[in-house]
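Student: After the sequence you'll find the predicted model.
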Amino acid sequence: MPRPKQSATEREAMRERILEAAHELLLEHGYDALTTRLIAERLGVSHMVLYTYFENHDALIQALRARLREEREAYRAEVLRQAETGDIVAITREALWRYVTMAQEHPKMYAFLWVQPIPANALCPEPHRPYQGNVRYLAQLVQLGIERGVFAPREPTLAAATVFAIIHAPSIFYHNGRLTDETLRDRMSAEMLEIAMNYLVHET
């Protein structure tokens, strides 16, 4: 007996379930876990079911990438909206610390984004794009802080790239095996946050 035809709402709900399962696997196990079989296994369905909702594996990955991009841009837009009138120092501090918490809470995802070489067909086909997007976002925060006289006058993109590098250093050293002590990593991350904020606020 053929399956009952799904409504557009039901199809969209299933697509979202598939993308959510793929996102969970990405966070837990990294990009290599994004196979149709593992995604289907997470959902408890045959892997062939996925092709009812996505033309092929590449289409699924592209949809996941678009979903993550939308979520990321919505989050950044809200942060920048709050920064227009809020405490720019506190907001920038939180934005930088978010990278540290991501490294701690989602190590596989962090390693995929910032430590491992990115395959040409991965979620980020051009490896420089995540870096550029993050620096551009931080540069907007820096620019707001400069305009309000809170941050030292610097070239915003250079300042953003500098604090981005500072805050990531302990996590990158830890994830590439050069640093093995978690406690030291966390203490270094806290220290790097203070260094980054002092750099933004004070002229050298």
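Tutor: Sure, I can see it.

Student: which residue packs closest to residue 150, ignoring adjacent ones?
Tutor: Once flanking residues are discounted, residue 150 sits nearest to residue 88: 5.3 Å by CB to CB, 6 or more residues apart in numbering. Heads up, the C-betas are built off the backbone N, CA and C, glycines and all.

Student: pLDDT wise, what is that neighbour at?
Tutor: Model confidence at residue 88, given as pLDDT, is 97.

Student: Only the buried residues of the helix or strand of the chain with the lowest mean pLDDT, if you could.
Tutor: Every helix and strand of the chain was ranked by mean pLDDT, DSSP states H and E. The lowest is helix 107-114, at a mean of 85. Residues of helix 107-114 classed as buried by neighbour count (16 or more other CB atoms under 10 Å): 107-114.

Student: just to revisit the earlier point, I'd assumed residue 147 was in contact with the residue nearest to residue 150.
Tutor: No. Between residue 88 and residue 147 there is no contact under CB atoms under 8 Å: 9.4 Å.

Student: Do you know the pLDDT at the closest residue in space to residue 107 that isn't next to it in sequence?
Tutor: Nearest non-adjacent residue to residue 107, counting by CB to CB, 6+ apart: residue 175, 6.7 Å away. Listed pLDDT for residue 175 reads 92.

Student: Who are the contact partners of residue 175?
Tutor: Residue 175 makes contact with 103, 107, 110-111, 114-115 under the criterion CB atoms under 8 Å, 6 or more residues apart in numbering.

Student: Could you identify the pair within these that is furthest apart?
Tutor: 107 and 114 (10.8 Å; CB to CB).
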